[in-house]
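Asks: Have a look; sequence and predicted model below, questions after that.
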Amino acid sequence: MSQCKKINLEITAKITHLDDVNTAIFSPDSRHLVTASMDNTIKICRHRANGFWIPRATISHNNSVSSATFSADSRHIVTASLDFTAKICVQADDGSWQEKSTIIHGRHVNSATFSDDGKHVVTASDDCTAQIHGQGDGGSWEREAIIYPGGPVKSASFSPDGRDVVIVGKNNMVSIYSREDNGLWKQKIAITHEGRITSATFSANGHHLVTTSEDHTAKISDLQKDGSWQEIATISHEGAVYSAAFSADGHHLVTTSEDHTAKISALQDDGSWKEIATIYHEGAVYSANFSTDGRHLVTASEDGTAKIYGLEAPERWVEKTTITHKGCVRSAVFSANGCLVVTNALGDKIVKIYGLGADGSWVKKAIISHKRVVRSATISADVRYVLTISDDNKVRVFKLMEGRLMV
C-alpha cells in the first residue's frame, strides 16, 4: 500500500448518532469499531469479510458518553459517561456484545481505560476518586482499590506493566501511584505545575513520564531502581505546552506549544535529556507524533499545516514535507506501519492521506471530502481503513485501495 502511487477510497460504513460523536476508534485487531456520543449511547460495529461494517450492539447510558475504549485483546470495551458510571462490555463467543459490569462514581466519570494486559480498569471522576477494578477468574469485575488524590480527577491511566497509575488532577497536580506487593496502592510522587495540566504520558517501557502544562513547561520524571519516581528534567516553552509524546524506543521526546514550536529532546547516556531540534510553525502546535520506528515525526498546527520530519543522523531531524490545509490542523497521525500519515483540519472539511515513497519522500495519496467539519480522523492498525468523525453526527469508514487518486 505504501509504495503504490495512488490510493482509491470506498466508503464501507456510515454510523449515525442523534447528537455529537465524542470518540470513535478501531479495535487493536481492526475487526471492530466503537463510537461514543452525546446522545447517551455507544455503537459497536464488526468488520465483515466483504469489507463492510455491520452494527453489532448499542449500549445506553443516562447521559453523554465521553469515551469508549477497547482492551488490548479487543474482547472488552469500557465506557466513561456523565451519568456517573463506567460500563464494561464483553464480546461473547457468538460475536454479540453484552454489558458485564457497571462501575459507579459519585459524579461525572472523566476517563476509563484498561491496563495493557486487559485485566484491570481504572476510572477517573469528579467525585475526587480513581477506582481500580480487576477481572476475576470467572470473568466478573470487582473493585480492588479506591485512590483519593485530593481533588477532582481529570484522567487516570496505567503504565505499560500495570504496576503504576498516573492520575491527573484538576488541581494542577499529577500523581503516580504504585501497586505494592501486598496489593495496596501507594503514592510515589506528586508532580506540581503552576497551570492547568494538559497531558501526562508514560514512555512505552514505563520508565519515563512526561507531564505538560499551561505554565509553559513539560516535566520528565524517571522510575528509579528502588521503585520510586524522581523529577529529572524540565523543558521550557514560551507558551502553554499542549502535548508531549515519546518515540517507541523512549530515546526521543517531542513537546508542542502555543509558542508556535515543537521541541525534540533526546535521552543521553547519563540519563539526562537534551533539546536537539526545534520545529517552527506560524501558529500554535497542537500535537506531534512519532512513527512506530521512531524515524519520522509529524506535527499539527493552527497555521493550517502539518509538517513531517525525518531522522537522518543521530540528533539530526530534517523537514521532509509540509501538508497544507485551509484551516487549523487538529490532528496528524501515522499508520501503524509508519508509511501513511492522515491529517484533518477545521475549516476545509477534508482529510488528507500522505504516503512514504521508496525514495524516502512523502507524497499525497488521497483526499477525503466531507460536507461538514471533520473533527478527527484515524487509521486502523491493519492500515486498511480510515475512520472520520464529522459535525453531522456521523462516523464514516473508508477502505483504502490501490487505484485512482480522489480529488
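Replies: Perfect, I can see it now. Numbers count the residues shown, from 1 in each chain.

Asks: okay, CA-based contacts and neighbour counts for the rest of this
Replies: Fine.

Asks: For the helix or strand hosting Thr69, which helices and strands make contact with it?
Replies: Using DSSP states H and E, Thr69 sits in strand 65-70. Packed against strand 65-70 by the contact rule (3 or more Cα pairs under 8 Å, 6 or more residues apart in numbering; DSSP states H and E) you find strand 21-26, strand 32-37, strand 41-47, strand 76-81, strand 109-114.

Asks: closest to Leu209 out of those strands?
Replies: Proximity of the helices and strands packed on strand 65-70 to Leu209 was assessed by Cα to Cα; the nearest stretch is strand 109-114, lying at 17.3 Å.

Asks: Was I right to think Lys119 contacts Gln135?
Replies: Yes: with the criterion set as Cα atoms under 8 Å, Lys119 and Gln135 qualify as a contacting pair; they are 5.3 Å apart.

Asks: can you give me the end-to-end distance of stretch 113-122?
Replies: Length of stretch 113-122, first residue to last, Cα to Cα, to the nearest Å: 6 Å.

Asks: can I have stretch 305-315 written out in PDB, keeping just the CAs?
Replies: As requested, the backbone C-alpha atoms of stretch 305-315 are provided in PDB (Å, rounded to 0.1, in the frame of the first residue of the first chain):
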ATOM      1  CA  THR A 305      -0.100  22.900   8.100                       C
ATOM      2  CA  ALA A 306       1.300  19.600   9.200                       C
ATOM      3  CA  LYS A 307       5.000  19.000   8.900                       C
ATOM      4  CA  ILE A 308       6.800  15.700   8.500                       C
ATOM      5  CA  TYR A 309      10.300  15.500   9.700                       C
ATOM      6  CA  GLY A 310      12.800  12.600   9.300                       C
ATOM      7  CA  LEU A 311      15.700  11.500  11.500                       C
ATOM      8  CA  GLU A 312      18.700  11.400   9.100                       C
ATOM      9  CA  ALA A 313      21.500  11.100  11.600                       C
ATOM     10  CA  PRO A 314      21.800  10.900  15.400                       C
ATOM     11  CA  GLU A 315      20.200  14.100  16.700                       C
END
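
Asks: what mean pLDDT would you report for it?
Replies: The average of the pLDDT scores along stretch 305-315 is 94.

Asks: residue boundaries of the strands in the stretch 101-250 of the chain?
Replies: Counting by DSSP state E, counting those that start in this stretch, the stretch 101-250 of the chain has strands at residues 109-114, 120-125, 130-135, 141-147, 153-158, 164-169, 173-179, 185-192, 197-202, 208-213, 217-223, 229-236, 241-246.

Asks: With mean neighbour count added, can I get the ones you listed in TSV?
Replies: What follows is the strands of the stretch 101-250 of the chain, written out as TSV (neighbours: other Cα atoms under 10 Å):
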stretch	mean neighbour count
strand 109-114	26
strand 120-125	27
strand 130-135	21
strand 141-147	16
strand 153-158	25
strand 164-169	24
strand 173-179	21
strand 185-192	17
strand 197-202	22
strand 208-213	25
strand 217-223	21
strand 229-236	17
strand 241-246	26
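
Asks: what would those strands look like in TSV with distance to Thr343 and mean pLDDT?
Replies: Listed next are the strands of the stretch 101-250 of the chain as TSV, based on distance: least, Cα to Cα, whole Å; pLDDT from 0 to 100:
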stretch	distance to Thr343	mean pLDDT
strand 109-114	25	98
strand 120-125	30	98
strand 130-135	34	97
strand 141-147	38	96
strand 153-158	26	98
strand 164-169	28	98
strand 173-179	30	97
strand 185-192	33	96
strand 197-202	21	97
strand 208-213	23	98
strand 217-223	25	98
strand 229-236	27	97
strand 241-246	17	98
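
Asks: Output the ones you listed in CSV; the columns should cover distance to Phe70.
Replies: Putting the strands of the stretch 101-250 of the chain into CSV (distance: least, Cα to Cα, whole Å) gives the following:
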stretch, distance to Phe70
strand 109-114, 8
strand 120-125, 11
strand 130-135, 15
strand 141-147, 16
strand 153-158, 14
strand 164-169, 18
strand 173-179, 23
strand 185-192, 24
strand 197-202, 18
strand 208-213, 23
strand 217-223, 27
strand 229-236, 29
strand 241-246, 21
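
Asks: Many thanks, we can stop here.
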